[in-house]
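>>> the sequence and its predicted three-dimensional model are supplied below.
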Amino acid sequence: MTQWVYSFGAGHNEGRAEMRNLLGGKGANLAEMASIGLPVPPGFTITTEVCTAYYANGERYPDDLDAQLRAGLARIEAAVGNSFGDHHKPLLVSVRSGARVSMPGMMDTVLNLGLNDATVEGLVAASGDARFAWDSYRRFIQMYGSVVLGVDHHRFEEIIEHIKLDTGKNEDTELTAAEWHRVVHGYKEMVQEVTGHPFPQDPWEQLWGAITAVFGSWQNQRAVTYRRLNDIPAEWGTAVNVQAMVFGNMGEDCATGVCFTRDPSTGENIFYGEYLINAQGEDVVAGIRTPQPMAQLKAKPDERSMELAMPKAYAELVEVRATLERHYRDMQDIEFTVQSNKLYMLQTRSGKRTAAASLKIAVDMAREGLIDNTEAVKRVNPAALDQLLHPTLDPKAKRKVLAKGLPASPGAASGIVVFSADEAEARAQKGESVILVRIETSPEDIHGMHAAKGILTTRGGMTSHAAVVARGMGRPCVAGCGGVSVDYSNQVLSSGGVQVRGGEILTIDGGTGEVFVGPVAMIEPQLSGDFATLMEWADQVRRMKVRANAETPLDAETARKFGAEGIGLCRTEHMFFDPARIGAVRQMILAETEQGRRAALARLLPFQRQDFIDLFGIMAGLPVTIRLLDPPLHEFLPHSDAEIAEVATSLGANVDDMRRRAQDLSEANPMLGHRGCRLGISYPEIYEMQARAIFEAACQIGKDTHKPPHPEIMIPLVATRRELEITRAQIDRVAQEVFAEVGYHVEYSVGTMIELPRACLTADAIAEAADFFSFGTNDLTQTTFGLSRDDAGKFLPLYIEKGIFPKDPFVSIDPDGVGALVRIAAEKGRGVKADIKLGICGEHGGDPSSITFCESVGLDYVSCSPYRVPVARLAAAQAALASGGGVDRTA
Ligand code: PEP
Ligand code: MG
């Protein structure tokens, strides 16, 4: 026989906390609390399996449920000493939903069930309080009427309003027993009129009605939407808890409250919450009366804490708090009721908390000995950690939302609106805070993005140029904000009829994608203390290394500060846009002959050499992976007539010829065009110059410090082994030349990005020519899905909303497609070279669920933007712990 009903309380506990799948979170925890000796009113839980069976059988209950329900109820009656439907000593129960995971406010509850025209008199006699009894009865009719019978709640409110008008009273609290009696009468008449049936008087009919309504609420629109948004499968079902009522509204020695065992916004170890004297749970949340604080320490002068008002019950609750934290080893969110000075626990669950609180609670609990350091590492959500590394909006600050785009790079920023990178730079130099607003950004905007406090674009997705660069620089960014239109010529942006002009203030929240008009107050991040401690603990268990994607000295220094163990991707093209170099870069591209290109490259060489000297210096002793030039050449082209004329002069060429050459270079589909190693093969002198700069820098550092760096040179967009062999041979040749010239030599490696499906499928052949692979999952996602990185923002949100893609594949690696290719490449690569070093440097390298995937493939390192390094350190630690392969470096 299937057990459908599990009792708890009064010494008969059939459930445990671990049974939450069967009993729901609330039921499992009620049983657990009762079994550790806490005061829980007796009751029983109808399992989630009943819900599933009910829906599977065309909304019919299992045959033997009725008998089990009656046995459960009989146990409650025996424990309380009251009987269901008894005219003198009636048992009243609550009926509440309770799913596996909490779904706040999504499903229904009925309180005071068991009251009818006869039992209400019994309650009058038992409580000695007629007003309380009639108020309870009307509350019951109201809840049951709206939840079970579907009567609009306004109909109930109208009746109360009518009686208040009639008696000249303003507040519910002023109504007398006789007046509540009149309300009950009015309610019953109205229910009969609306439903065509009298209000049910039989407690068993009431109970079945309430149970069915709770199971029914599993399928209401609110709950269905909530489940969809939170990935909760419909098959889980909800449980139903039936429990003896206790009353917090039976007089001044009664109360009810909701609290957290620690402060859920700061994590401070203080009893935090609210209670109300002479009230039922719904009154605390309804907002009609102002709840009062628990601890005296938190009370304002005009408030009355529970500590002061009900010292005995408070003291008991303080003990319960300690017991619960010791038992659950986590911060709890609890509900309680005090009836005639006696405390009852109605709920406990793990409390929701802010990122800051979750960090503090985890570290504090480890220090208090409640959990160990490893457990603390598991407790903090890496994605939430991101919030702590940037300024965030003060939750208390007032704000006016203008529009919403993609949360492309976290943190918040306020500043005056500017529409060009040059203006951003000029105004920032004068000490102004600016928000750079562009339809989209291009590599030429980098100086303005760097100067800006935040970036807003109206086009582009999560791996658009703006998003990638902003994350790399740690600048907050809202991308693809399609609701905003930008008019460059009139220097104005508008959304929903609101206009913001250049020079006016805008605030963006890159963590939510929201854009606000005017300034909003901020909170600064804290990187020392608990944060540093947790990072240290994470580092002790992680297996994968964490590197950063960085090219400027500033980014490299930031990366070190955040704990990066090297550079996993230095995108050298980002070094080419510096105003001091772009002229030479353009000269190189537009030169029609090798000789012309070599002349321009010779001008670039000293800059590149210095770049690498700086990077090697900052990353002293750590690996630095330098990727040779990747993007299509036309990205560097001059646009304006003046720029074209300037390059023409420098090359001694004719302006029209220059324009024609620029046109020749433009491509219909540049991301699949003349870029990456294809450039290095067509114009070998480019990679030669870069390789020379790297080796000269490495030798110089080696000579100066006697600690030579070990450069890792990476070739982009390789599809075939031959491409790698050709470029590798060029590099090896330059290395020998430089070593001979300077009379010094350094160790180096040559490897490749794996960012094309063909490279994955032929990774065994490619591995023969490579010392390492770094998965470029941005391009790999683009080419596997056939989805443009820069244009997908137009329809990707719809795909995600409709569930066609579970997540944005540019943010979180697609394990079945892109991930499968990564796995194939890793296996094939290792099959040929067991010790080939494997890493990832696409944006996924900073995404916690993608990092879990990387651990499962056994990659050696992940590389991400500097500001995500701590997130990656924590995610890598959690991934190692979850796979059971954590490394304990504490010993
Ligand atoms: C990639 O494609 O994943 C990568 C890291 O290179 P980029 O983003 O520069 O194309
Ligand atoms: Mg790439």
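Nice, thanks for sending it over. Ligands and ions are numbered 1, 2, ... in the order given.
>>> could you measure from R349 over to ligand 2?
Per CB to the ion, to the nearest Å, R349 is found 45 Å from ligand 2. C-beta coordinates here come from the backbone N, C-alpha and C atoms, glycine included.
>>> send the alpha carbons of the strand or helix carrying that residue over as PDB?
In the assignment (DSSP states H and E), R349 maps to strand 342-350. Provided in PDB are the C-alpha atoms of strand 342-350 (Å, rounded to 0.1, in the frame of the first residue of the first chain):
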ATOM      1  CA  LYS A 342       3.400  29.700  24.100                       C
ATOM      2  CA  LEU A 343       5.700  29.500  21.100                       C
ATOM      3  CA  TYR A 344       4.900  27.400  18.000                       C
ATOM      4  CA  MET A 345       7.000  27.000  14.900                       C
ATOM      5  CA  LEU A 346       5.100  27.000  11.600                       C
ATOM      6  CA  GLN A 347       7.900  26.900   9.100                       C
ATOM      7  CA  THR A 348      11.600  26.900   8.600                       C
ATOM      8  CA  ARG A 349      13.600  26.900   5.300                       C
ATOM      9  CA  SER A 350      16.900  28.100   4.100                       C
END
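>>> which other helices and strands contact that strand?
helix 20-35, helix 311-328, strand 332-339 (3 or more CB pairs under 8 Å, 6 or more residues apart in numbering; DSSP states H and E).
>>> helices or strands up against the longest one?
The one in question is helix 311-328. helix 306-309, strand 332-339, strand 342-350.
>>> what's the most buried one of the ones you listed?
Most buried of these by mean neighbour count (mean count of other CB atoms under 10 Å) is strand 332-339; its value is a mean of 22.
>>> and it, how far out from the chain middle?
Relative to its chain's centre, strand 332-339 lies at 29 Å (CA atoms, centre = their mean, to the nearest Å).
>>> can you redo the helices and strands packed on helix 311-328 as JSON lines with distance to R60?
As requested, the helices and strands packed on helix 311-328 are arranged in JSON lines below (distance: least, CB to CB, whole Å):
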{"stretch": "helix 306-309", "distance to R60": "46"}
{"stretch": "strand 332-339", "distance to R60": "33"}
{"stretch": "strand 342-350", "distance to R60": "30"}
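>>> what's the weakest-modelled helix or strand in the protein?
Every helix and strand of the chain was ranked by mean pLDDT, DSSP states H and E. The lowest is helix 281-286, at a mean of 66.
>>> now the element after it, going C-ward?
Later in the chain than helix 281-286, the nearest helix or strand by DSSP H and E is strand 292-293.
>>> what is that next one packed up against?
strand 272-277, helix 306-309.
>>> could I get the helices and strands packed on strand 342-350 as a markdown table with mean pLDDT?
Compiled in a markdown table, the helices and strands packed on strand 342-350 are given as follows (pLDDT from 0 to 100):
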| stretch | mean pLDDT |
| --- | --- |
| helix 20-35 | 96 |
| helix 311-328 | 96 |
| strand 332-339 | 94 |
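>>> so of these, which one's packed in deepest?
When you average the neighbours per residue for each of those (mean count of other CB under 10 Å), helix 20-35 leads with a mean of 25.
>>> one step back: tell me which of the helices and strands packed on helix 311-328 lies nearest to ligand 1.
Evaluated over the helices and strands packed on helix 311-328, closeness to ligand 1 peaks at strand 342-350, with 36.8 Å, by CB to the nearest ligand atom.
>>> how about stretch 147-157: buried residues?
Within stretch 147-157, the residues scored as buried using 16 or more other CB atoms under 10 Å are 147-149, 151, 155-156.
>>> also stretch 52-68?
Neighbour counts over stretch 52-68 (16+ other CB under 10 Å) mark 52-55, 61, 65, 68 as buried.
>>> returning to what we had before: and which of the buried residues of stretch 147-157 is nearest A668?
Comparing those against A668 with CB to CB places V147 closest, at 61.3 Å.
>>> and the gap between that closest one and P203?
Distance, V147 to P203, using CB to CB, to the nearest Å: 16 Å.
>>> where do the helices sit along the stretch 1-150 of the chain?
Per DSSP state H, counting those that start in this stretch, the stretch 1-150 of the chain carries helices over the ranges 20-35, 48-56, 65-80, 119-127, 130-147.
>>> just the C-alpha atoms of the last one, please, in CSV.
What follows is helix 130-147 as a C-alpha-only set of coordinates in CSV (Å, rounded to 0.1, in the frame of the first residue of the first chain):
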residue,chain,number,x,y,z
ALA,A,130,-16.6,36.1,20.9
ARG,A,131,-15.0,38.8,18.8
PHE,A,132,-12.0,36.6,18.0
ALA,A,133,-14.2,33.6,17.1
TRP,A,134,-16.5,35.5,14.7
ASP,A,135,-13.5,37.3,13.2
SER,A,136,-11.9,33.9,12.6
TYR,A,137,-15.1,32.5,11.0
ARG,A,138,-15.3,35.5,8.6
ARG,A,139,-11.6,35.1,7.7
PHE,A,140,-12.2,31.5,7.0
ILE,A,141,-15.3,32.2,4.7
GLN,A,142,-13.3,34.9,3.0
MET,A,143,-10.2,32.7,2.3
TYR,A,144,-12.2,29.6,1.5
GLY,A,145,-14.6,31.6,-0.6
SER,A,146,-11.9,33.1,-2.8
VAL,A,147,-9.5,30.2,-2.9
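>>> got the angle between it and helix 119-127?
140 degrees (axes from the mean of the first three to the mean of the last three CA atoms, to 10 degrees).
>>> just the mean pLDDT for the helix or strand following helix 130-147, thanks.
On the C-terminal side of helix 130-147, the closest following helix or strand by DSSP H and E is helix 153-167. In this model, helix 153-167 has a mean pLDDT of 93.
>>> which strands and helices lie in contact with helix 153-167?
The helices and strands touching helix 153-167, judged by 3+ CB pairs under 8 Å, 6+ apart, are helix 130-147, helix 177-195.
>>> buried deepest among these, which one?
Of all the helices and strands packed on helix 153-167, helix 130-147 has the most neighbours on average by mean count of other CB under 10 Å, namely a mean of 23.
>>> the inter-axis angle of that one versus helix 177-195?
Here the directions of helix 130-147 and helix 177-195 differ by 20 degrees (the same axes, to 10 degrees).
>>> can you give me the end-to-end distance of stretch 248-265?
The first and last residues of stretch 248-265 sit 27 Å apart, counting by CA to CA, to the nearest Å.
>>> quick check: mean pLDDT of that stretch?
Averaged over stretch 248-265, pLDDT sits at 90.
>>> ok, stretch 599-616 next?
Across stretch 599-616, pLDDT averages out at 95.
>>> stretch 197-212 now?
97.
>>> which other residues reach it?
The list of residues contacting stretch 197-212 from outside it, by CB atoms under 8 Å, 6 or more residues apart in numbering, reads 46, 69, 73, 84-85, 93, 95, 110, 113-114, 116-119, 141, 144-145, 147-149, 187-188, 191-192, 240, 242.
>>> next, the closest residue to L717 other than its chain neighbours: phi, psi?
Nearest in space to L717, with sequence neighbours left out and distances taken as CB to CB, 6 or more residues apart in numbering, is G676 at 2.5 Å. Main-chain dihedrals, G676, degrees, to the nearest 10: phi 60, psi -140.
>>> for G676, report the pLDDT, please.
96.
>>> pull the distance from the longest helix along the chain to the chain's centre.
Ranked by residue count and defined by DSSP state H, the top helix of the chain is helix 594-618. Relative to the centre of its chain, helix 594-618 is centred 41 Å away, using CA atoms, centre = their mean.
>>> any regions of this structure where pLDDT drops low?
Within the chain, the segments meeting pLDDT under 70 span 104-106, 284-288, 463, 472, 885-891.
>>> and the spatially most central residue of the chain, what does it touch?
With distances taken as CA atoms, centre = their mean, A383 lies nearest the centre of the chain, 5.0 Å away. By CB under 8 Å, 6+ apart, A383 lies in contact with 848, 871.
>>> who in this protein is up against ligand 2?
Contacts of the chain with ligand 2, taken as CB under 5 Å from the ion, map to 755, 776, 779.
>>> give the closest residue to the second one in space, chain neighbours not counted.
Nearest non-adjacent residue to G776, counting by CB to CB, 6+ apart: E755, 3.1 Å away.
>>> please apply the same query to the last one.
Once flanking residues are discounted, D779 sits nearest to E755: 3.8 Å by CB to CB, 6+ apart.
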